[in-house]
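**Student:** got a predicted structure plus its sequence, pasted below:
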2 protein chains.
Amino acid sequence: MISANSPRDLDALFARRAFEFDHANPILADLPKENNETISLAYGDADPRLFPIKELIASVGGLLHENTDAVLNYAPSDRALTELVATRLQRRGVAVDPQNILITYGSSQILGLLPQIMLNQGDIVIVEGPTFLGGIEYFVTQGATIETVPVGTQGMDIDALEETLKRLAGRGTQAKFIYTIPTHHNPTGTMMPLENRKRLLALASTYGVLVLEDDAYGDLDFRGEMAASLLTLPGSEWVLHIGTFSKILAPGVRMAWAYGPTAVMQRLRKFKSDQGAGPFITRLVSFIAQDGWLDNHIRYLNAEYAHKYEVMRDAMATHFPVDVQVSTPGGGFFVYGYLPQDMPARALIDVAIAHGVSFLPGTVGYANGGGTHEMRLAFSFQSEANIVDGIARLGKAMHAYRAQQ
Amino acid sequence: MISANSPRDLDALFARRAFEFDHANPILADLPKENNETISLAYGDADPRLFPIKELIASVGGLLHENTDAVLNYAPSDRALTELVATRLQRRGVAVDPQNILITYGSSQILGLLPQIMLNQGDIVIVEGPTFLGGIEYFVTQGATIETVPVGTQGMDIDALEETLKRLAGRGTQAKFIYTIPTHHNPTGTMMPLENRKRLLALASTYGVLVLEDDAYGDLDFRGEMAASLLTLPGSEWVLHIGTFSKILAPGVRMAWAYGPTAVMQRLRKFKSDQGAGPFITRLVSFIAQDGWLDNHIRYLNAEYAHKYEVMRDAMATHFPVDVQVSTPGGGFFVYGYLPQDMPARALIDVAIAHGVSFLPGTVGYANGGGTHEMRLAFSFQSEANIVDGIARLGKAMHAYRAQQ
């Protein structure tokens, strides 16, 4: 005997929460359609010529001869990697509790999990406009209502943030978290000044909002300087900090870390549900990083990326129309461009691709509209020769677009 | 102005679902406390002497010289690994839609995620008694109410399953999924006969319950034979199949796969939230597996593990009291022991550890009690010399325990 209400339909078996994460993100339609002829300046891939191939191969040899059982058997995530992250945070002045460090499969794992533990359907997340499109994508597909705070020449506009928080409080509601990239911001390349970082945290404390500090480019400073992490400032108990080995080692190893309040970290661990990052891949990263190698490598990367930026800067000065304005980043992977009124990015991108070059239209960095006359140019991936060639093509495309009008 | 209801407490910011996964699993207290002198027969670790160290090192060298960008940059999970899994499933007679293959960081990632997408608080999961303790742990901590169906000499007792399904239906409720390890069952080493597999799926279809087929030991058959996966039988549309590279390559690489209905796979992907398994680690597995190497390696492993089992079997025949009964597995990692009435496992384990050997008490495999006179012995991890020594110690412990009474 079967009860009348027992389902024969698989869909009837799912948990309520399984139906909560099904929200389309409408902004990805603007991504440029590249082809084999395109010199892509759109995406912030790392430069594969800077990957430490020799050292990675040597490290795998070293770690597999070291303690095979700890690396290849059922074993916890490598403790040395947690210690490495703790040491690096301590060096920046963070009073680290290693218990609250979580090693993750890429920082995007946290961008995906945080909304799962924070958001009921429709809850508010504050993001910068523009911001990392991956962040928006994760938050929106998991049910966030996005509030956008503009980014000026000094990162997030803190006055506008305060107005937003006040407005939400006035409506009897509030944001669950604020997503910010204060250092070498993606996509604008701006740096939030210390004073603004302090104000940001004071507001977070006052209004009771978590701050998600995405420090993806924290180590990538052309002059080798480290900005003050939000973790070192008053109000740090409201900060979830994420950092990554993607830019300073290689994105493909998918290793990153998160550090924040116990209540957040415990829940992230639960939803992560993968028994922690595996022993082989975590030991690979800690093995290659040891004895100061990683610090030397970061210095090397910063010199190389600084040079690539200068190559792009000089090429833009030569090839772009004078009324195209560009940012002057002190680190990171990106130049941000502000196009003149007669040159919307969405129309320009078609002409650019016809000229064999692509960029990321600014619109994809805005959850609530905006950026129609903005563009992101990545100097990270292409060779210097291709950067020069790509910018020359893009300059030609800009002039050609104008001539067509 | 801040609204009176705006929280200053981090806990007030979490989503409702963040409070749902906080259930203690009471059965882990029975895990043996080992020390440096203990020959552990408790855990199903792989034999580190069988790890293909040389080939792993050569593969890393090969893949990093092959297409660095595809392996170390931002890149999708390696397609060749999905194809490898598809080919292996096809060879077993599964009509594979590669879209529904998900590569995961260990099969435990699926054991953790499936309850997230299937269970509302208190929903019922049917497990075998005994079963893999990790499965129980994941299900219980995520709010499952567990129903146990006994395992006999032929795997899950299908008559008892039918009674359970009927009883639940009679109460107007039902299970969300049935967790089974039909092939070289953990911990009992039993094999579910084809006829019972068919009955299991017929019941799943009739009662509308998902079947989670954990095929962790599917490839590990001492005679190299493959049992019929539930995916090849009528009613397979109710099956979520998981397999792993942990036993046939190395647990520490944390690579596994899941295959099942589109509706399940789509939701697992969403909750997985890590952008897919990374390109480096996925390419490492597909690289080493190519050109038939994996098939040869599995044949090698089966010969080695079969021999280790025989060593344990012969040692048990020599050293155990005659009234201790043991299973005769045809594959997998475990022997299961049935202890006489005067020898409860929980009391025996203390004497065993005092004699320098450990086993897993049967109780940890039961969610709802049971297994007081059962024990799991893993022949997978220890060397042959240690297996002989460990079983001799255990035999001594058994005789000593009896002498004390």
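**Tutor:** Received the coordinates, thanks.
**Student:** burial check on A:D123, number of neighbours?
**Tutor:** 20 (other Cβ atoms under 10 Å in any protein chain shown). For the C-beta atoms, the positions are set from N, CA and C on the backbone; glycine is no exception.
**Student:** show me the contacts for the residue lying closest to it once chain neighbours are set aside.
**Tutor:** Excluding the flanking residues, the one nearest A:D123 by Cβ to Cβ, 6 or more residues apart in numbering or on different chains is A:K176, at 5.0 Å. Contacts for A:K176 (Cβ atoms under 8 Å, 6 or more residues apart in numbering or on different chains) come out as A:118-119, A:123-125, A:209-210, B:13.
**Student:** of these - the most surrounded one?
**Tutor:** Result: A:V125 is most packed of the contacts of A:K176 (other Cβ under 10 Å), 29 neighbours.
**Student:** just say helix, strand or coil for it.
**Tutor:** Classification of A:V125 using DSSP: H, G, I helix; E, B strand; the rest coil returns strand.
**Student:** so what does the nearest residue to it once chain neighbours are set aside have for phi and psi?
**Tutor:** The shortest distance from A:V125 to any non-neighbouring residue, by Cβ to Cβ, 6+ apart, is to A:A144 (4.3 Å). Here is the backbone geometry of A:A144 (degrees, to the nearest 10): phi -70, psi 140.
**Student:** burial of A:A144, as a residue count?
**Tutor:** A:A144: 26 neighbours (other Cβ under 10 Å).
**Student:** and it, what pLDDT?
**Tutor:** A:A144 is assigned a predicted lDDT (pLDDT) of 92.
**Student:** for it, give its distance to chain B.
**Tutor:** 11 Å (Cβ to the nearest Cβ, to the nearest Å).
**Student:** tell me who's in contact with that residue.
**Tutor:** So A:A144 contacts A:115, A:119, A:123-125 (Cβ under 8 Å, 6+ apart).
**Student:** against which helices or strands is the host helix or strand of A:D389 packed?
**Tutor:** According to DSSP states H and E, A:D389 maps onto helix A:384-404. Under the contact criterion of 3 or more Cβ pairs under 8 Å, 6 or more residues apart in numbering or on different chains; DSSP states H and E, helix A:384-404 touches strand A:39-40, helix A:293-319, helix A:345-354, strand A:357-358.
**Student:** thought A:S107 was touching A:M255?
**Tutor:** No. The pair A:S107 / A:M255 is not scored as a contact, 9.3 Å apart, by Cβ atoms under 8 Å.
**Student:** now do the shared contacts for those two.
**Tutor:** The contact lists of A:S107 and A:M255 share A:244, A:246, where a contact means Cβ under 8 Å, 6+ apart.
**Student:** ok, the two, which is more surrounded?
**Tutor:** The neighbour count for A:S107 versus A:M255, taken as other Cβ under 10 Å, is higher for A:M255 (26 against 23).
**Student:** in space, what's closest to that one - neighbours in sequence excluded?
**Tutor:** A:F245 (4.4 Å).
**Student:** can you point out the buried residues in the helix or strand bottoming out on mean pLDDT in chain A?
**Tutor:** Taking mean pLDDT, DSSP states H and E as the measure, helix A:133-141 is the helix or strand of chain A with the lowest mean score, a mean of 89. For helix A:133-141, a neighbour-count test (16 or more other Cβ atoms under 10 Å in any protein chain shown) marks A:133, A:135-141 as buried.
**Student:** quick one: the longest strand seen in chain A to helix A:133-141, angle?
**Tutor:** Across chain A, the longest stretch assigned as strand under DSSP state E is strand A:145-152. On the basis of axes from the mean of the first three to the mean of the last three Cα atoms, to 10 degrees, strand A:145-152 is oriented at 160 degrees to helix A:133-141.
**Student:** strand A:145-152 pairs with which strands?
**Tutor:** strand A:124-129 (parallel), strand A:155-156 (antiparallel) (DSSP bridges).
**Student:** send the alpha carbons of that strand over as PDB?
**Tutor:** Output of strand A:145-152 as PDB, limited to C-alpha atoms (Å, rounded to 0.1, in the frame of the first residue of the first chain):
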ATOM      1  CA  THR A 145      19.000  41.800  -4.200                       C
ATOM      2  CA  ILE A 146      21.900  43.900  -5.200                       C
ATOM      3  CA  GLU A 147      22.500  47.500  -4.000                       C
ATOM      4  CA  THR A 148      25.300  49.300  -5.900                       C
ATOM      5  CA  VAL A 149      27.700  51.900  -4.400                       C
ATOM      6  CA  PRO A 150      29.800  53.800  -6.900                       C
ATOM      7  CA  VAL A 151      33.500  53.500  -7.200                       C
ATOM      8  CA  GLY A 152      35.400  56.700  -7.600                       C
END
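**Student:** mind listing what the residue nearest to A:M255 touches?
**Tutor:** A:253, A:255-256, A:285.
**Student:** could you redo the last one with a cut-off of 10 Å?
**Tutor:** A:81, A:84-85, A:103, A:106-107, A:219, A:251, A:253-257, A:285, A:288-289, A:294 (Cβ atoms under 10 Å, 6 or more residues apart in numbering or on different chains).
**Student:** next: A:Q109.
**Tutor:** A:102-103, A:138, A:242, A:254, A:256, A:258, A:268, A:271-272, A:274, A:277, B:105, B:272-275.
**Student:** gap between the helix or strand encompassing it and the chain center?
**Tutor:** Using DSSP H and E, A:Q109 maps to helix A:108-118. The chain centroid and the centroid of helix A:108-118 are separated by 13 Å, computed with Cα atoms, centre = their mean, to the nearest Å.
**Student:** could you give the mean pLDDT of that helix?
**Tutor:** Rounded mean pLDDT across helix A:108-118 is 93.
**Student:** rewinding a little: greatest separation within the contacts of A:K176: which pair is it?
**Tutor:** A:L119 and A:V209 (12.9 Å; Cβ to Cβ).
**Student:** quickly list what's touching both of those two.
**Tutor:** A:125, A:176-177, B:13.
**Student:** okay, who's weakest in these by pLDDT?
**Tutor:** B:L13 (88).
**Student:** how about that one: what's its closest non-neighbour residue?
**Tutor:** In space, B:L13 is closest to A:K176, 5.4 Å off (Cβ to Cβ, 6+ apart).
**Student:** same thing with A:L161?
**Tutor:** Closest to A:L161 by Cβ to Cβ, 6+ apart is A:V149, at 4.8 Å.
**Student:** tell me how many other residues surround the one you found.
**Tutor:** Neighbourhood size, A:V149 [other Cβ under 10 Å]: 22.
**Student:** beta-bridge partners for the closest residue in space to A:T244 that isn't next to it in sequence, please?
**Tutor:** If the residues on either side of it in the chain are set aside, A:T244 comes closest to A:A256, at 3.9 Å by Cβ to Cβ, 6+ apart. Counting by DSSP bridges, A:A256 is bridged to A:T104, A:T244.
**Student:** same thing with A:Y338?
**Tutor:** Assigned bridge partners for A:Y338, using DSSP bridges, are A:Q325, A:E374.
**Student:** quick check, nearest of the contacts of A:K176 to A:D350?
**Tutor:** The closest of the contacts of A:K176, once distances to A:D350 are taken by Cβ to Cβ, is A:V125, at 32.2 Å.
**Student:** how about low-confidence regions in the stretch 1-150 of chain A?
**Tutor:** The model of the stretch 1-150 of chain A has pLDDT under 70 over residues A:1-8, A:22-29.
**Student:** leaving out chain neighbours, which residue sits closest to the residue in it positioned nearest to chain B?
**Tutor:** Of all residues in the stretch 1-150 of chain A, the one sitting closest to chain B is A:G112 (2.9 Å; Cβ to the nearest Cβ). In this structure, A:G112 finds its nearest non-sequential neighbour in B:S273, 2.9 Å apart by Cβ to Cβ, 6+ apart.
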